[in-house]
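S.K.: Coordinates only, no sequence provided:
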Ligand code: AMP
C-alpha cells in the first residue's frame with residue numbers, strides 16, 4: 001500500500017486553518033492504484049457474508065460503489081441531511097471540523113442484513129460511529145468497516161471499540 005499512500009496529497013488549512021486535508025483525488029486518478037484499493041477491500045470481505053455496502057457521503061460513495069459493483073451486492077448511500085428523498089433515519093455526530101448529521105433511507109438495509117461501512121478516511125471516528133448506529137437502528141448488522149486512510153493520532157478507533165475496522169494506510 002506504499003504506492004497508494006504516495007497518492008494521498010496533504011492540503012494544509014483546508015477546509016479551514018489548522019486542518020491538514022488528506023486529498024484522495026490523485027489516488028482516484030490512478031487506475032491501477034484505485035483498483036488495488038478496491039481489491040484490498042474486497043479481500044477483507046471474503047467469507048464475511050456481507051449483503052450490503054453502506055458508503056458515507058461523499059468520498060465513501062466512490063470507493064463503496066466500486067466495491068459493491070465488484071462484489072455484485074447492493075450499495076446504500078448515507079447522506080448529509082435533506083438530500084435523501086424518501087423516509088430517513090438520522091444520527092448527529094461531531095466532526096474533526098464541526099458538527100453534522102447523517103441520514104439513511106429507512107428501508108435501505110433490511111433487518112438481519114450484514115453490512116460493510118465504507119469511507120475514505122477515519123479521523124475522530126464520529127461519522128463512522130453514527131453510521132453504524134443508523135444501520136443498527138433499522139435492524140442491520142455493521143460487521144466490518146473499511147477505510148482508505150486512518151489518522152491514528154485522532155484516536156478514532158477508541159470511539160469504535162468492538163468494530164472490525166480496517167484502514168489501508170495509516171498516518
Ligand atoms: P470523523 O467523523 O472525524 O472520523 O471524520 C471523518 C469524515 O470527515 C470522513 O468522511 C472524511 O472524509 C472527513 N475528514 C475528516 N478529517 C479529514 C481530513 N483531515 N482529510 C480528509 N477528510 C477528512
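M.R.: Sure thing, it's come through. Keep in mind that this is a model prediction, so the values were computed, not measured.
S.K.: who touches residue 74 in this structure?
M.R.: Counting by C-beta atoms under 8 Å, 6 or more residues apart in numbering, residue 74 touches 51, 52, 53, 68. All C-beta atoms are positioned from the backbone trio N, CA, C, and that covers glycine.
S.K.: Of those residues, which is the nearest to the ligand?
M.R.: Nearest to the ligand out of the contacts of residue 74 is residue 53 (C-beta to the nearest ligand atom; 15.2 Å).
S.K.: what's the helix or strand for the closest residue to the closest one other than its chain neighbours?
M.R.: In this structure, residue 53 finds its nearest non-sequential neighbour in residue 68, 4.2 Å apart by C-beta to C-beta, 6 or more residues apart in numbering. Using DSSP states H and E, residue 68 maps to helix 59-71.
S.K.: Toward the C-terminus, what is the element adjacent to that helix?
M.R.: As assigned by DSSP H and E, the chain's next helix or strand after helix 59-71 is strand 74-78.
S.K.: what's the helix or strand just after that next one in contact with?
M.R.: Of the helices and strands lying after strand 74-78 in sequence (DSSP H and E), the nearest is strand 88-95. Here strand 88-95 makes contact (C-beta under 8 Å, 6+ apart) with 81, 99-106, 123-124, 126-127, 129-131, 133-134, 137-138.
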